[in-house]
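Colleague: Need a 3D model of the sequence below.
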Amino acid sequence: MGIDDESREYHRSDPPGKIEIATTKPTNTQRDLSLAYSPGVAAPCRDIDENPDDAFQYTAKGNLVGVVSNGSAVLGLGDIGAQASKPVMEGKGVLFKRFADIDVFDIELDLDTADGIVESVAAMEPTFGGINLEDIKAPECFEIERRLSERMDIPVFHDDQHGTAIISGAALLNAADITDKSLEDLQIVFSGAGASALATAKFYVSLGATKSNITMCDSSGIITEDREDLNSHKQEFASDVDGGSLADAMAGADVFVGLSVGGIVSQEMVRSMADNPIVFAMANPDPEISYEDAKAARDDDVIVATGRSDYPNMVNNVLGFPFIFRGALDVRATGINEEMKRAAAMALADLARKDVPDAVVKAYGDQPLQFGPDYVIPKPLDPRVLFEVAPAVAEAAVDSGLARVEIEDIDSYTETLEARLGKSREMMRIVLNKAKSDPKRVALAEGTDEKMIRAAYQLQEEGIAEPVLLGDHEEITRIAQQLGLAFEPEVVDPHAESLDVYADRLYERRRRKGITRGEAAELVAKDTNYLGSVMVEMGDADAMLTGLTHHYPSALRPPLQVIGTAAAANYAAGVYLLTFKNRVVFCADTTVNQDPDADVLAEVTKHTAELARSFNVEPQAAMLSYSNFGSVRNEGTAKIREAVDRLHSDPGVDFPVDGEMQADTAVVEEIIDDTYSFSALDGPANVLIFPNLEAGNIGYKLLQRLGGAEAIGPMLVGMDKPIHVLQRGDEVKDIVNLAGVAVVDAQNQ
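Modeller: Residues are numbered from 1 along each chain as shown. The predicted structure follows:
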């Protein structure tokens with residue numbers, strides 16, 4: 001099946017289309033409905049009548065964008081009309097929601113005049129927080145955007161004009177830096193003089209390019225001052241030259257910007273350009289010159305960008321509009337000005353210079369993504385674009401006087417943006433902020449692993465921890481340089497440093513466990529898990545992470561042997577934090593104790609409750625079973641009841657805990673309230689204690705995969721010092737997150 005047929009099936013599968021409306025408030029009871037509609041809805045209506053700004057408080061207006069088109073210039077399809085453009089406009093709505101959590105109504109207008117569109121859209125201002133104009137042909141699009149921007153008190157943005165300008169502008173900033181060329185000195189040639197090309201040329205000037213250095217070509221060749229076939233928009237970029245073809249214009253140029261048609265640029269034309277040229281061939285689906293041909297045209301470095309996802313440096317408007325609107329909406333901006341556009345481009349350019357998350361690398365086929373000629377702009381699926389670009393746009397709106405709401409704390413605002421990407425980010429931000437308040441030394445046992453080195457860079461760069469990499473110093477330095485990470489981490493090299501003090505300590509701890517002094521020396525020299533464990537035990541590091549390249553039991557063994565459990569603890573346990581859209585649960589034990597008795601279950605519950613509080617979650621603990629409060633009596637349920645009795649009689653337990661209970665009883669408030677009102681729980685459980693390791697492991701994985709939860713962990717609780725064992729194959733963000741948890745553990749200790 002070809003992509004056309006796949007797309008048809010994708011769109012027509014039940015329910016047809018790509019979007020739906022969902023309620024955000026309870027609508028289950030008569031009381032709910034009376035609040036949602038009559039008679040309760042009258043109160044907010046009266047308030048809005050008295051103060052129109054209350055619409056942002058009582059309705060979805062502040063997070064609602066209208067995507068408006070008349071279908072006169074749809075993608076590469078041309079003027080296909082309003083109705084036929086609807087799949088594209090729905091798709092635009094999907095991108096707004098997916099990347100920036102912005103809701104959209106798509107509006108297809110069967111109108112062909114600027115007056116008609118302006119009047120219709122302006123009349124809808126009470127509905128929307130912003131308007132995204134889409135796929136409207138030039139030159140009408142210029143007039144429509146200008147008139148609506150002047151008339152409406154909300155952001156109006158024609159993405160076809162400005163999206164490509166902003167994204168390619170970010171690429172141009174970085175490309176100029178890589179080629180060591182000054183933006184103001186660049187000789188820039190445009191192929192195409194439509195809405196996107198004209199807006200892009202203007203934006204490059206806004207970024208610092210020199211207008212007289214821009215040569216624009218259309219289908220008739222170079223746009224010159226003596227041509228009589230130019231509209232007012234093209235005249236702005238008419239050159240005082242004799243004229244000529246696109247090939248003539250490209251000779252000696254530093255930059256080629258293609259926003260025209262495919263296949264019109266030859267390798268010879270690229271060879272005629274200046275040294276280390278920049279080629280942005282952005283015609284879709286076929287660029288003006290293919291990536292391969294442009295690269296092969298010359299022996300020096302050619303930086304090539306296209307509009308295609310199958311080549312490096314994809315100029316994709318989705319890097320811009322969702323995040324520009326997000327920032328504009330959040331400060332209730334009255335428009336989108338040049339300062340906000342520049343802020344977006346500069347934020348994108350800066351982000352491209354940072355280390356790329358593993359999830360993004362995987363999403364693009366594990367291709368190398370590192371700042372350089374083949375990576376001058378971020379990838380659209382990079383989640384960091386939201387909380388890099390939106391704050392920059394919001395701040396620019398405030399600074400330039402377009403914002404009606406100011407952001408008091410940009411860091412707090414960024415955290416709210418992260419929360420839009422998932423509850424797990426919100427929860428981890430709590431812990432990482434605590435870690436940053438007092439960073440601790442964290443030993444990374446597998447220090448020569450690329451992921452560990454990248455994690456160390458992030459931990460140091462963001463001030464979360466003071467990483468100590470254990471391993472060969474030369475190898476670590478080589479990998480860091482290869483990754484382009486400009487930092488000098490602390491390294492403990494077993495082959496270059498005396499480890500006698502650590503060998504002596506390990507021998508002291510294990511000499512009655514069958515280890516000789518010689519074997520202790522060999523262990524700390526050859527196994528960084530033992531080395532790191534002894535360092536933590538002796539206080540030379542505050543915490544340790546390991547397990548990335550080891551099976552969990554073998555990674556856990558050295559810290560258990562050297563450090564052991566806490567003074568008030570007899571057992572360690574593995575805990576996963578699972579985050580759903582509106583709730584979190586801590587699941588234990590999922591990694592350590594195979595068949596726990598009542599003592600283990602009770603102790604694991606206390607450890608897990610303490611962990612929950614480090615995430616600012618007040619624990620409500622449920623001891624799970626297939627029985628509800630004695631409905632089944634056997635050896636398995638008896639140990640759970642015994643654990644509950646011990647917890648209830650323990651004066652140190654200051655949180656609600658109950659059981660044994662079935663899983664749905666634990667998490668559904670109505671079941672507890674209606675059937676088991678005697679329970680000690682005050683609401684749905686957020687700490688779930690499983691009866692054995694098998695149930696715990698199965699349970700958390702089902703919740704994660706079928707329930708759509710994001711997982712953080714496993715976090716090791718009950719140890720005498722902060723030790724955490726990663727899962728094999730964890731990503732850099734998992735290492736950073738667990739390091740943050742380890743730092744908070746160390747702070748508490």
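
Colleague: List of residues touching the helix or strand of the chain with the lowest mean pLDDT?
Modeller: Ranked by mean pLDDT, DSSP states H and E, the weakest helix or strand in the chain is helix 232-235, scoring a mean of 78. For helix 232-235, the external contacting residues (CB atoms under 8 Å, 6 or more residues apart in numbering) are 138-139, 142, 193, 198, 216, 218, 223. (Each C-beta comes from the backbone N, C-alpha and C, glycine too.)

Colleague: Walk me through the domains of the protein.
Modeller: For the chain, automatic domain parsing gives the domain ranges 3-154, 162-399, 432-562, 573-718.

Colleague: For the stretch 601-749 of the chain, which segments count as helices?
Modeller: Secondary structure of the stretch 601-749 of the chain (DSSP state H, counting those that start in this stretch): helices at 635-649, 663-667, 669-675, 693-706, 732-748.

Colleague: So for Phe105, which of the ones you listed sits nearest?
Modeller: With CB to CB as the measure, helix 693-706 is the member of the helices of the stretch 601-749 of the chain nearest Phe105 (31.9 Å).

Colleague: and the residue nearest to Phe128 when sequence neighbours are not counted, backbone torsions?
Modeller: Distances taken as CB to CB, 6 or more residues apart in numbering place Gly66 nearest to Phe128, at 4.4 Å, with adjacent residues excluded. Dihedral angles phi and psi of Gly66 (degrees, to the nearest 10) take the values phi -90, psi 120.

Colleague: Spit out the contact partners of Gly66.
Modeller: In this structure, Gly66 makes contact with 104-107, 121, 124, 127-128, 130-132, judged by CB under 8 Å, 6+ apart.

Colleague: same thing but at 10 Å, please
Modeller: Gly66 is in contact with 89, 93, 104-107, 121, 124-125, 127-134, 154, 156, counting by CB atoms under 10 Å, 6 or more residues apart in numbering.

Colleague: With Ala82 instead?
Modeller: So Ala82 contacts 69-72, 74, 89, 107-112, 135 (CB under 10 Å, 6+ apart).

Colleague: Centroid-nearest residue for this protein?
Modeller: Pro383 (2.1 Å; CA atoms, centre = their mean).

Colleague: do you know how far that one is from Arg98?
Modeller: Using CB to CB, to the nearest Å, one gets 11 Å for the distance from Pro383 to Arg98.

Colleague: Repeat that for Ser272.
Modeller: Distance from Ser272 to Arg98, by CB to CB: 42 Å.

Colleague: Settle it for me: which of these two has more neighbours?
Modeller: Neighbour totals were compared for Ser272 and Arg98, and Ser272 leads with 18 against 13 (other CB atoms under 10 Å).

Colleague: how about the nearest residue to the more buried one, chain neighbours excluded?
Modeller: Ala251 is the one closest to Ser272 (CB to CB, 6+ apart), at 4.4 Å.

Colleague: ok, back up a step: what's the distance between the residue nearest to the centre of the chain and Asn231?
Modeller: From Pro383 over to Asn231 (counting by CB to CB), the distance is 41 Å.

Colleague: isn't Ala555 right next to Thr546, touching?
Modeller: Yes - between Ala555 and Thr546 there is a contact under CB atoms under 10 Å: 4.9 Å.

Colleague: what sits in contact with each of those two?
Modeller: 445-446, 529, 723-726.

Colleague: and which of those is nearest to Asp374?
Modeller: The shortest approach to Asp374 among the shared contacts of Ala555 and Thr546 belongs to Glu446, at 28.8 Å (CB to CB).

Colleague: which strands and helices sit next to the longest helix seen in the chain?
Modeller: Determined from DSSP state H, the single longest helix within the chain is helix 159-178. Helix 159-178 makes packing contacts with strand 130-133, helix 140-151, helix 195-207, strand 255-258, strand 278-281, strand 303-306, helix 321-330, helix 338-351 when contacts are defined by 3 or more CB pairs under 10 Å, 6 or more residues apart in numbering; DSSP states H and E.
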